[in-house]
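Peer 1: Sequence first, predicted coordinates after that:
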Amino acid sequence: VNLSTNAAKESAEYMSMCVADGDVRPRQSKLLCKISTIGGHPFLVLQPFKIEVLSEDPRIVVFPDFLNPRECEIFRSISQEKLSRAKVYLGGPPEGGFSLRRTNKVAWMSDDLHPLLGKVSRRIALATGLTLTSAEMYQVANYGLGGHYIPHPDYAGFGEAQGDIYKSSGNRLATMLIYLADVAGGGATAFINMRLAVKPTLGTALFWYNLKPYDGPIVNESFWNQRRFGDPRTFHMGCPVLTGSKWIVTKWIHEREQGIVTYDLPN
C-alpha cells in the first residue's frame, strides 16, 4: 500500500469540502427547521430559538442568531489580551504541544470573567437540555489568513493521556461552537465523514454529540463511561481561512451529572 498516495487522496477529499467556500449539506440535511420555546419557557416566548437539524444520527444542529452582534463583539474583545498560540495533543503529555496541524490562537475564559459568559452558558444549557456543571471553560479561537485545523475528533480515545477534567468529568459528550464573526472567504467547519460543511455566520451556533451509545462488552478498564464511545462520524476540520479572519467560541460539555442522555434536543 502506498501510504503517501492514500494520504494525498484523503487530503484532496478533505479539501474538496473547503473549496466550495460555503455550506455543503447532504440531501437529508434540512430534516427540520423550526422555532422553539422549549415547551413555552418564559425566557424564549419573545425570542425563541431558531433550529435547523442537519443530521439526526449523529445529531448535528444549527442555531441561527444564537448570539447577537453585540454579544459576539464582547466575546472577541475580552479574549484579545488572553490569546496565545494553540496546542494539540501529540501523544505525550496531556498539555500537548505546538503543531502545524492547528494554526490559530486561543484564549480560555471562565463564566465569572464577564456577566455575559454566565448568561450564555445558561442559554446553552436551555438549548441543549444538558447541564454545564462539568463543562470546560469557554475557548475563544482566532484564525488568521491561512489558519486551519486538520481533521480531528473532540472526544478523547482510551489510550490518550488527558488532564484532570477527563478523570473527574468523563469524556466530551457534546460540543457547542459559536461563530463570532462572518468570514469573507473559507473557514468552514467540515464534518469529513458526513460530507457536511457549515460556513461561519455571525452569531450562529453549531451543536453536535461527540459520543454514541455502546451496548457491547467492556473493552478497557479506565475512568471512561463504558456505555458511550467516541463517534468517528463527528471527525471535523476547520477549513483554511482564505480572506479575512475567523473567530469562534467553543463550549465542550462533559459526561458527569448528565443523567439520562437522549442524544436529542429538549421537546
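Peer 2: Thanks, I have the structure now. Here the structure is a predicted model, which means the values were calculated and not measured. Residues are numbered from 1 along each chain as shown.

Peer 1: these two touch, right, residue 35 and residue 49?
Peer 2: Yes: using CB atoms under 8 Å as the test, residue 35 is close enough to residue 49 to be in contact (7.2 Å). Quick note: C-beta positions are derived from backbone N, CA and C, even for glycine.

Peer 1: neighbour count winner among these two?
Peer 2: residue 49 (22 against 9; other CB atoms under 10 Å).

Peer 1: Can you tell me the closest non-neighbouring residue to residue 61?
Peer 2: residue 207 (4.8 Å; CB to CB, 6 or more residues apart in numbering).

Peer 1: Number of residues surrounding the one you found?
Peer 2: Using other CB under 10 Å, residue 207 is surrounded by 24 other residues.

Peer 1: wait, doesn't it sit right on residue 178?
Peer 2: No: using CB under 8 Å as the test, residue 207 is too far from residue 178 to be in contact (9.3 Å).

Peer 1: Tell me which helix or strand the residue nearest to residue 61 sits in.
Peer 2: strand 205-209 (DSSP states H and E).

Peer 1: Confirm that residue 76 sits in a strand.
Peer 2: No: Residue 76 sits outside any strand when classified using DSSP: H, G, I helix; E, B strand; the rest coil, being helix.

Peer 1: Pull up the distance across stretch 147-156, start to finish.
Peer 2: 23 Å (CA to CA, to the nearest Å).

Peer 1: What segments of this protein are helices?
Peer 2: Ranges of helices in the chain, per DSSP state H, are 3-19, 69-79, 115-128, 164-169.

Peer 1: for the shortest one, packing partners?
Peer 2: In this structure, helix 164-169 makes packing contacts with strand 246-254, judged by 3 or more CB pairs under 8 Å, 6 or more residues apart in numbering; DSSP states H and E.

Peer 1: Could you list the low-pLDDT ranges of the stretch 151-267 of the chain?
Peer 2: Low-confidence segments of the stretch 151-267 of the chain, defined by pLDDT under 70, span residues 158-162, 218-226.

Peer 1: Go again with 90.
Peer 2: 156-170, 213-229, 259-260, 264-267 (pLDDT under 90).

Peer 1: One more: the stretch 1-150 of the chain?
Peer 2: 1-47, 85-104, 149-150.

Peer 1: can you map out the strands along it?
Peer 2: Assigned by DSSP state E, counting those that start in this stretch, the strands in the stretch 1-150 of the chain fall at 32-36, 49-56, 59-63, 84-85, 105-109, 138-143, 149-152.

Peer 1: Indicate which one of the ones you listed is closest to residue 119.
Peer 2: Ranking the strands of the stretch 1-150 of the chain by proximity to residue 119 (CB to CB) places strand 138-143 first, at 12.1 Å.

Peer 1: and that closest one, which strands flank it?
Peer 2: Each strand paired with strand 138-143, and its direction, by DSSP bridges: strand 105-109 (antiparallel), strand 246-254 (antiparallel).

Peer 1: would you list those in CSV and tack on mean neighbour count and distance to residue 135?
Peer 2: Output for those, formatted as CSV (neighbours: other CB atoms under 10 Å; distance: least, CB to CB, whole Å):
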stretch, mean neighbour count, distance to residue 135
strand 105-109, 18, 12
strand 246-254, 23, 5
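
Peer 1: quick one on the thing from earlier: the residue nearest to residue 61 and residue 59, how far apart?
Peer 2: Separation of residue 207 from residue 59 (CB to CB, to the nearest Å): 8 Å.

Peer 1: do the same with residue 200
Peer 2: On the measure of CB to CB, residue 200 and residue 59 end up 21 Å apart.

Peer 1: Now residue 214: closest residue in space, sequence neighbours ignored.
Peer 2: residue 229 (4.4 Å).

Peer 1: nope, residue 64 is what I meant
Peer 2: residue 50 (4.5 Å).

Peer 1: Kindly report the same for residue 143.
Peer 2: residue 246 (4.0 Å).
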